[in-house]
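Student: Using only what follows, build the 3D model:
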Amino acid sequence: MRGDLLSTMDLTGAVWRKSSRSGGGNEGNCVEVAFASPVVAVRDSKKPDAGRLAFSASAWQRFVRS
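Tutor: This is a model prediction of the structure:
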């Protein structure tokens with residue numbers, strides 16, 4: 001996925017979900033994911049404005065399966 005696509009997307013209304021693998025408390029090792037068609041966006045929950053990664057739906061599926 002092209003990097004500039006995510007920078008132009010408005011993710012203001014995106015629903016971010018914390019990974020179930022991030023632990024139960026506030027240990028600080030948390031990632032969040034938002035399904036914002038046409039991409040799946042990922043960010044660090046400790047620094048949500050520090051940057052995001054974007055994956056195509058098929059790339060995200062491969063990641064989750066592995």
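Student: centroid residue for the chain?
Tutor: By C-alpha atoms, centre = their mean, the chain has its centre lying nearest to residue 42, at 1.4 Å.
Student: ok, which stretches of this structure are strands?
Tutor: Applying DSSP state E to the chain gives strands spanning 17-18, 31-36, 39-44, 52-56.
Student: could the ones you listed go into a markdown table alongside mean pLDDT and distance to residue 65?
Tutor: Every residue, glycine included, has its C-beta placed from N, CA and C. Below are those laid out as a markdown table (pLDDT from 0 to 100; distance: least, C-beta to C-beta, whole Å):
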| stretch | mean pLDDT | distance to residue 65 |
| --- | --- | --- |
| strand 17-18 | 88 | 18 |
| strand 31-36 | 89 | 15 |
| strand 39-44 | 90 | 14 |
| strand 52-56 | 88 | 13 |
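Student: Residue 63: which of those strands is closest?
Tutor: Taking C-beta to C-beta, strand 52-56 is the member of the strands of the chain nearest to residue 63, at 7.0 Å.
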